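> Structure of the sequence below:
(one chain, ligands or ions: 1)
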Amino acid sequence: MGRKAPLVHAVLAASTLLLVTGCASEDLPTFAMPARDVTNQAPRILSLWQGSWIAALAVGGLTWALILWPCIAYRRKRNHTGLPPQTRYNLPIEVFYTVVPFIMIAVFFYFTARDESEIQKVSANPDHTITVTGLQWSWQFTYDSDGGADATTTGTPAKPPTLYLPQGESVVFKLVSDDVVHSFWVPAFLYKLDVIPGQDNRFEITPKKIGTYVGKCAELCGKDHARMLFNVKIVSPEEFRAHVTEVKAEAAT
Ligand SMILES: [Cu+2]
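Below is the predicted model:
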């Protein structure tokens, strides 16, 4: 115990330090996340994910080392009979393995709570509000209605709809459902939020990277759940406005 504790402390301190000060997120692998910077929120989410993996790998590596080391160092020696010295009711060890997991959970909790409160902030006056309606089994997107005709795109399982988003302008998604619980998920945003009947779920992003992305429902919602797909196009603000006008004109005819 006497020589083990400083080693444990050193590894914990090193991984905490890495989490706190961090290598820059861009220098680290994405740990299977599909993208880095499609929205303004994505870098924060990615670095929380990377930090959690690094901490988990450090703890995992240390745990494996502490399992393997006594197996090898204290294996049964030739000509040895009887049991090795037995350790029980060792107060320092018991305090140690109670306190250390608590510290690990506290560190995870702190970073998660800090980032979650940032990610879930919704501004009072976003540039756009888009209502996303989950329906069995497709999606409906309504672009900010300004009192005039609504610009609404409705998909079907056979014909998934496309959601247009303007690069560099803030968008609040208002998630509604009239039937069952769905979940609005664009993997490239590194974020998803449930669509719950009767509950006003919102989140805000500013799209950053022009491109076409895929989206899907992430909550088993019935027979054709797997076909509840959509596309997301992040385009220039001009192109976005042109698209909304076009959708409105289509609705009017
Ligand atoms: Cu669904």
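
> Would you agree Val214 is in contact with Asn231?
Yes: Val214 lies in contact with Asn231 (Cβ atoms under 8 Å); the separation is 6.2 Å. For the C-beta atoms, the positions are set from N, CA and C on the backbone; glycine is no exception.

> first vs last residue of stretch 186-194, how far apart are they?
Its start and end residues considered, stretch 186-194 measures 12 Å (Cα to Cα, to the nearest Å).

> Contacts made by that stretch with the rest, please.
33-35, 38-39, 41-42, 45-46, 49, 119, 173, 175, 181-185, 201, 203, 205, 213-216, 218-219, 232 (Cβ atoms under 8 Å, 6 or more residues apart in numbering).

> The same query, at a cut-off of 7 Å, please.
The contact list for stretch 186-194 (Cβ atoms under 7 Å, 6 or more residues apart in numbering) reads 33-35, 38-39, 41-42, 45-46, 119, 175, 181, 183-185, 201, 203, 205, 213-215, 218-219, 232.

> The helix or strand harbouring Val107: which residues count as buried?
In the assignment (DSSP states H and E), Val107 maps to helix 91-119. Buried residues in helix 91-119, counting neighbours by 16 or more other Cβ atoms under 10 Å, are found at Met104, Val107, Phe108, Phe111, Asp115, Ile119.

> Please apply the same query to stretch 221-238.
Here stretch 221-238 shows Cys221, His225, Met228, Leu229, Phe230, Val232, Lys233, Ile234, Val235 as buried, counting by 16+ other Cβ under 10 Å.

> Pull up the gap between the fifth one and the ion, please.
Read it as Phe230. Per Cβ to the ion, to the nearest Å, Phe230 is found 11 Å from the ion.

> Would you map the helices across the stretch 101-250 of the chain?
Along the stretch 101-250 of the chain, the stretches classed as helices by DSSP state H, counting those that start in this stretch are 237-252.

> hang on, the earlier thing: could I get the buried residues of stretch 221-238 as a markdown table with pLDDT?
Formatted as a markdown table, the buried residues of stretch 221-238 follow (pLDDT from 0 to 100):
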| residue | pLDDT |
| --- | --- |
| Cys221 | 96 |
| His225 | 96 |
| Met228 | 97 |
| Leu229 | 97 |
| Phe230 | 97 |
| Val232 | 98 |
| Lys233 | 98 |
| Ile234 | 98 |
| Val235 | 97 |
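
> can you redo those as TSV with distance to Cys71?
Output for these, formatted as TSV (distance: Cβ to Cβ, whole Å):
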residue	distance to Cys71
Cys221	48
His225	47
Met228	50
Leu229	49
Phe230	52
Val232	51
Lys233	56
Ile234	53
Val235	59
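
> Give me the buried subset of the contacts of stretch 186-194.
Among those, the ones that count as buried by 16+ other Cβ under 10 Å are 33, 35, 38-39, 41-42, 45-46, 119, 175, 183-185, 201, 203, 205, 213, 215, 218-219, 232.

> Tell me the residue in this structure that is farthest from the middle.
Going by Cα atoms, centre = their mean, the residue of the chain most distant from its centre is Asn79, 55.8 Å out.
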